[in-house]
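>>> Pasting a predicted model and its sequence here:
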Amino acid sequence: MRKERALRIELDKEYDLLYIELHTGDIERTEDLADGVHLDLDAEDQVVGVEFLSLDAFDAFVEDNNLPANPIEWLRFQTDLRQMLLGPHS
């Protein structure tokens, strides 16, 4: 089944939280990627979204993983994002 791309970015300024949803779907599990960074996966292990517990965590994560600072660009390699972030043996 093909996933619908649904880039949605939520920023909670009061609590400095950022959530980037890459496609619609139910979250089956969450992986901790780094301090303050969580990857949400569906039942097929496809990336649903990434949660950042601060904007500083977002900046550090983007820099550490050589990701584009603009999450819209993440859609270009959405199918590879899980492997890029978790590694080939995850």
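Ah, there it is.
>>> So I27: helix, strand or coil?
coil (DSSP: H, G, I helix; E, B strand; the rest coil).
>>> D64 contacts A34, correct?
Yes. With contact defined as C-beta atoms under 8 Å, D64 counts as touching A34 (7.0 Å). Where you see a C-beta, it was placed from the backbone N, CA and C, and this is true even at glycine.
>>> which of these two has more neighbours?
When neighbours are counted by other C-beta atoms under 10 Å, D64 and A34 differ, and A34 comes out ahead with 14 against 11.
>>> if I look at A43, how far off is I27?
9 Å (C-beta to C-beta, to the nearest Å).
>>> who's more crowded, the two?
I27 (13 against 10).
>>> and that one, what is it in contact with?
Shown in contact with I27 (C-beta atoms under 8 Å, 6 or more residues apart in numbering): 40-42, 48-49.
>>> try 7 Å
40, 42, 48 (C-beta atoms under 7 Å, 6 or more residues apart in numbering).
>>> who touches the last one in this structure?
Residues near V48 by C-beta under 7 Å, 6+ apart: 21-23, 25, 27, 40-42.
>>> Tell me the one of these nearest A57?
Closest approach between the contacts of V48 and A57, by C-beta to C-beta: D40, at 15.1 Å.
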